[in-house]
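>>> curious how this folds, go ahead:
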Amino acid sequence: MTTATKKARATAGLMFIIATLSLAQANAKPTLPANTQDNTSSTTASELYRLGNLEMTKGNYDLAISNFDKVIALASSSVDAFMARGNAYYQKNDYDHALVDFNHALELSPQSAMIYSLRGNLNISKRDLDSAVSDLTQAIKLDPQLPQVFTSRGLAYSDRGDGDLAIHDFDQAIKLNSSDSIAYFGRGTAYAGNKDFDRSIADYSRAIELNPQYAHAFRNRGFVYALKGDYSRALSDVSQSISLAPEAETFMTRAVIYKEKGDMDKATADYNQAIKLDPALANIPQ
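Below is the predicted model:
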């Protein structure tokens, strides 16, 4: 598995939880400690928190962080503000600062399944898979009804090479939420790792039904079709993935399929395009 795939899969789990958190934040006021509940400071902190979330929706993460900084200055025990600022740092790929904020939020609210989930997913992005599994397991103990947490732990198990444990978690996630396209994608990947190609294809297909714009599901299903020797369907899927998201790794995948078919001109063209998008791929043996 390439670094690009690992990053995409790690990000998927956290983004799923971040989306859930952001929906709650959009219409919420921060939880403020008792000593800030006078009219002026409470109103100011709430307004700054709202402005911070507004900047998040615009992708203005530095401005969001600035607003959350001010909230924390007024309400240093606001769990929501630390969570929100951690989210903003994560969006900037500033994992170290995000981790500090999630750690602080957990100190303030040690029984929060959501914060353990956030930190667990952040640890997936940091490639600290053992810590990720530990945090996500704690989140499940605190609240076993969060399907996205099972999905995230499944991704961590899968990346750690624990395919059977991953499948078990994806099963549970789908049981709790049968519309979770990421869970089907993850289970499809785990099945592929176990060489259970038919089940893998079925799960990728279900992920695509739930999310027709799921470029990585098309790419992965195409690769599994290629492993089964069905190059026509493989090329159709991978080409569809490129039309949705023209990523270097997907061009590389199609290059491999063309090479297997013996179409070296098209393989070379895709390989060159992959290198153009990501020069680091030039170091991968063809």
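>>> buried sites along stretch 113-129?
113-125, 128-129 (16 or more other CB atoms under 10 Å). Heads up, the C-betas are built off the backbone N, CA and C, glycines and all.
>>> likewise for stretch 96-110?
98, 99, 101, 102, 104, 105, 106, 108, 109.
>>> from the residues you listed, pick the one nearest residue 261.
Nearest to residue 261 among the buried residues of stretch 96-110, counting by CB to CB, is residue 98 at 43.9 Å.
>>> keep only those of the buried residues of stretch 96-110 that are in helices.
98, 99, 101, 102, 104, 105, 106, 108 (DSSP state H).
>>> closest one of those residues to residue 222?
After measuring those against residue 222 - CB to CB - the closest member comes out as residue 98, at 33.6 Å.
>>> count the neighbours of residue 240 for me.
Neighbour count of residue 240, defined by other CB atoms under 10 Å: 18.
>>> distance of the residue nearest to it when sequence neighbours are not counted relative to residue 261?
Spatially, and ignoring its direct neighbours in sequence, residue 240 is nearest to residue 218 (4.7 Å; CB to CB, 6 or more residues apart in numbering). Computed as CB to CB, to the nearest Å, the residue 218 to residue 261 distance reads 18 Å.
>>> more neighbours, those two?
Shown here are residue 218 and residue 261; by other CB under 10 Å, residue 218 has more neighbours (26 against 15).
>>> can you tell me which residues contact the residue nearest to residue 240?
The contact partners of residue 218, by CB atoms under 8 Å, 6 or more residues apart in numbering, come to 204, 208, 237, 238, 240, 241, 244.
>>> does the second one touch residue 217 like I think?
Same thing as residue 208. Yes: counting by CB atoms under 8 Å, residue 208 does reach residue 217; the two are 5.0 Å apart.
>>> among those two, which residue is more densely surrounded?
Between residue 208 and residue 217, counting by other CB under 10 Å, residue 217 is the more crowded of the two (29 against 21).
>>> let me see the contact set for the more buried one.
Neighbouring residues of residue 217 by CB under 8 Å, 6+ apart: 181, 185, 188, 204, 207, 208, 211.
>>> tell me which helix or strand it sits in.
Per DSSP states H and E, residue 217 falls inside helix 215-227.
>>> and residue 190, by the same measure?
Residue 190 belongs to helix 181-193, assigned by DSSP H and E.
>>> what's next to that helix, contact-wise?
Residues from elsewhere that reach helix 181-193, judged by CB under 8 Å, 6+ apart: 9, 12-13, 16, 147-148, 150-151, 154-155, 158, 163, 166-167, 170-171, 173-174, 177, 197, 199-204, 206-207, 210-211, 214, 216-217, 220-221, 223-224, 227.
>>> model confidence over the helix or strand where residue 266 lies, on average?
Residue 266 belongs to helix 264-277 when assigned by DSSP H and E. Averaged across helix 264-277, pLDDT comes to 96.
>>> how about that helix: buried residues?
Buried residues in helix 264-277, defined by neighbour count with 16+ other CB under 10 Å: 267, 270, 271, 273, 274, 275.
>>> ignoring the adjacent residues along the chain, who's closest to the fourth one?
Excluding the flanking residues, the one nearest residue 273 by CB to CB, 6+ apart is residue 251, at 4.6 Å.
>>> distance check, residue 75 against residue 252.
The value you get for residue 75 to residue 252, if CB to CB is used, is 49 Å.
>>> could you check which of these two has the larger neighbour count?
With neighbours defined as other CB under 10 Å, residue 75 and residue 252 compare such that residue 75 has more, 25 against 22.
>>> pLDDT score for the more buried one?
Per-residue pLDDT puts residue 75 at 90.
>>> that concludes my questions; thank you for your assistance.
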